[in-house]
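In: For reference, the sequence and a predicted model appear below.
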Amino acid sequence: MLQPVDSIATRDFKIFGKQQLDKIPQLQSLDPETRLNMRAVAEVLPFRVNNYVLDELIDWDNIPNDPMFQLSFPQPGMLQPRQVQAVRDLLAANAPAARLAQEVQRIQYSLNPHPAGQKSLNVPQDAQGQPVAGMQHKYRETVLFFPMAGQTCHSYCTYCFRWPQFVGLDDMKFASRESDSLVRYLKEHPEVTSILLTGGDPMIMRTEVLEQYLNPILEADLPNIASIRIGTKAPAWWPYRFTHGEDADAFLRLIERVRGTGRDMALMAHFSVKRELETAVAQQAIRRLVNAGATVRCQAPLIRHVNDNAENWRDMWRTQVRLGAIPYYMFVERDTGARGYFEVPLHSAYDIFTQAYSQVTGLARTVRGPSMSCTPGKVMVEGITEVRGEKVFVLKMIQARDPAWVNRVFFARYDEKATWMDQLRPAFGESEFLFEPGLRAMNEAGRGQVWCEDGLRVA
Ligand SMILES: *Cc1c(COP(=O)(O)O)cnc(C)c1O
């Protein structure tokens, strides 16, 4: 039975960062050694957790193995033992802040903080050739927008590919204070049909603030924009954002207002572990969003220690369908951060996906994956098979920097250890993948790509 919203108690939002690790009641029973290791890793990778995650989502009888604990708390295995040791030594010796920061940064830079050409290739330019702040435009139909006020989260995921911005490695210059330049850009680019607000988590913003970004878009004459999407983990990390209080109701009205302009309002909800979908308040949040007219589409990466089993995905997809949400993407963990700890070989990712996919109805088979968001585009592992005696991965471009690549399949030599696109080689003795000549041309042009109505032009 769905609990009525007033029978679900709300709570005050309390967060704990690396400085407050020792204040978390549930950690008091851990031995000091473990806590010091966690503290050391939290210097390097993002850490922030709130009281809902601590009290409702983590199973404290099952740590360190509990997937929610792995998702939210730093683990020693996320760094190399000598890296953990180096930071521990500095913490134990009460080293000067500058010395600690220097060591921490050295480790952070060893973790490939900026993969997939995000800085160089995705930043769009205005008509004068100037970069437009706060936006990325990689796929023709969709522009990503990074509102300045939405660049943090209710809790951090240990595997986040945007981790550099949460540890202060990236400044926030790429985020935008207002959406006027976005509106200008969209007027010059009628090929764009979807705006995706992302972060961080835009749902960290009060509705009023969110409206300051969205109103100029809603009031502008942008007939081609068919959907506004918000990438968020708030339904998992802080579902009260949608269930309790004035601000929650104001957001539901905003959904109605966007729908009233004849557009889809989609929450791209990040759910990693089935536990996140099981609480009464999370289910109520999704129901309210759907009732208000939003589309809730669900996605997450496949992460070792967190959700690398078919049962978790099967149950999540089933629950999502039950709640009126739509399974959308299963991603492959990106090649950044603590990837050595989190990565799953592509063949296992394909197996887990297939096992889960085989146990749901067609209503949940809207999900696509496992998909790698890499420099040329989103590459899905479509199959593993043998062609004329050669074992191969069948890959498919489901999104691409050049629309000409979309929906094309291609083949890579089977590799049991491969966890990411850059470790794959073309099958059948071919020398390059279909996207490589085009990508080379973009890289050589240096300024990346420029979109125009009829397609891609290299600047
Ligand atoms: C995934 C992604 C999108 C959205 O792609 P859809 O397939 O339309 O959901 C847009 N831009 C970037 C950079 C992405 O990684």
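Out: That came through, no problem.

In: rest of the way, CA atoms for contacts and neighbours
Out: Noted.

In: quick one: buried residues of stretch 102-120?
Out: Within stretch 102-120, the residues that count as buried by 16 or more other Cα atoms under 10 Å are 103-105, 107-108, 111, 113-116.

In: and what of stretch 14-30?
Out: By neighbour count with 16+ other Cα under 10 Å, stretch 14-30 contains the buried residues 15-18, 21-22.

In: With stretch 225-243 instead?
Out: Residues of stretch 225-243 classed as buried by neighbour count (16+ other Cα under 10 Å): 225, 227-243.

In: and it, how far apart are its ends?
Out: Across stretch 225-243, the terminal residues are separated by 28 Å (Cα to Cα, to the nearest Å).

In: near the ligand, anything from that stretch?
Out: No: applying Cα under 6 Å from any ligand atom, one finds stretch 225-243 separated from the ligand by no less than 9.4 Å.

In: Give me the mean pLDDT for that stretch.
Out: Averaged over stretch 225-243, pLDDT sits at 98.

In: Going by distance to the ligand, which of the buried residues of stretch 102-120 wins?
Out: Within the buried residues of stretch 102-120, distances to the ligand taken as Cα to the nearest ligand atom reach their minimum at residue 116, with 9.6 Å.

In: which parts of this structure sit against the ligand?
Out: 138-139, 142, 144, 373, 399.

In: Dump stretch 230-240 to CSV, restricted to CA.
Out: This file holds the C-alpha atoms of stretch 230-240, laid out as CSV (Å, rounded to 0.1, in the frame of the first residue of the first chain):
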residue,chain,number,x,y,z
ILE,A,230,17.0,17.5,-15.0
GLY,A,231,19.7,15.1,-14.1
THR,A,232,19.3,14.3,-10.4
LYS,A,233,19.9,11.9,-7.6
ALA,A,234,17.6,13.7,-5.2
PRO,A,235,14.9,11.0,-5.4
ALA,A,236,17.5,8.6,-4.0
TRP,A,237,19.6,10.8,-1.8
TRP,A,238,16.9,13.2,-0.5
PRO,A,239,13.4,12.3,-1.6
TYR,A,240,11.8,14.8,0.8
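
In: Just give me how far it sits from the chain centre.
Out: 12 Å (Cα atoms, centre = their mean, to the nearest Å).

In: Helix or strand for whatever residue of the stretch 151-300 of the chain ends up closest to the ligand, just tell me which one.
Out: Proximity of the stretch 151-300 of the chain to the ligand (Cα to the nearest ligand atom) peaks at residue 196, 7.2 Å away. Here residue 196, judged by DSSP states H and E, is contained in strand 194-197.

In: Summarise which helices and strands that strand is packed against.
Out: With contacts taken as 3 or more Cα pairs under 8 Å, 6 or more residues apart in numbering; DSSP states H and E, strand 194-197 sits against strand 142-145, strand 227-232.

In: Nearest to residue 86, out of those?
Out: Proximity to residue 86 (Cα to Cα) singles out strand 227-232 among those, at 34.7 Å.

In: Flag the least confident of the buried residues of stretch 102-120.
Out: Among the buried residues of stretch 102-120, residue 116 has the weakest pLDDT, 60.

In: circling back: closest to residue 170 out of the residues of the chain next to the ligand?
Out: residue 144 (17.6 Å).

In: just checking, that closest one touches residue 135?
Out: Yes: if you go by Cα atoms under 8 Å, residue 144 and residue 135 touch, sitting 5.4 Å apart.

In: Looking at these two, which is more packed in?
Out: Counted by other Cα atoms under 10 Å, residue 144 and residue 135 do not tie: residue 135 has more neighbours, with 26 against 23.

In: for that one, which residues make a bridge with it?
Out: Note on residue 135: beta-bridge partners by DSSP bridges are residue 145.

In: quick one: contacts for it?
Out: 123-124, 143-146, 174-176, 182 (Cα atoms under 8 Å, 6 or more residues apart in numbering).

In: Dump the residues you listed into TSV; add distance to residue 415 and pLDDT as well.
Out: Putting the contacts of residue 135 into TSV (distance: Cα to Cα, whole Å; pLDDT from 0 to 100) gives the following:
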residue	distance to residue 415	pLDDT
123	33	83
124	36	86
143	34	97
144	33	96
145	36	96
146	37	95
174	37	76
175	39	86
176	42	88
182	42	95
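
In: Mind putting these into a markdown table with distance to residue 264?
Out: What follows is the contacts of residue 135, written out as a markdown table (distance: Cα to Cα, whole Å):
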| residue | distance to residue 264 |
| --- | --- |
| 123 | 25 |
| 124 | 24 |
| 143 | 15 |
| 144 | 16 |
| 145 | 17 |
| 146 | 19 |
| 174 | 26 |
| 175 | 24 |
| 176 | 23 |
| 182 | 19 |
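
In: Adjacent strands (with direction) for the strand holding residue 196?
Out: Here, using DSSP bridges, strand 194-197 pairs with strand 142-145 (parallel), strand 227-232 (parallel).

In: Past the first one, which element shows up next along the chain?
Out: By that I understand strand 142-145. Per DSSP H and E, strand 142-145 leads on to helix 163-166 as the next helix or strand towards the C-terminus.

In: Now residue 377, what are its backbone angles?
Out: Here is the backbone geometry of residue 377 (degrees, to the nearest 10): phi 160, psi -160.

In: in terms of contact, does it touch residue 399 like I think?
Out: Yes: at 5.2 Å, residue 377 and residue 399 qualify as touching, with contact defined as Cα under 8 Å.

In: Can you work out which residues contact both of the two?
Out: residue 139.
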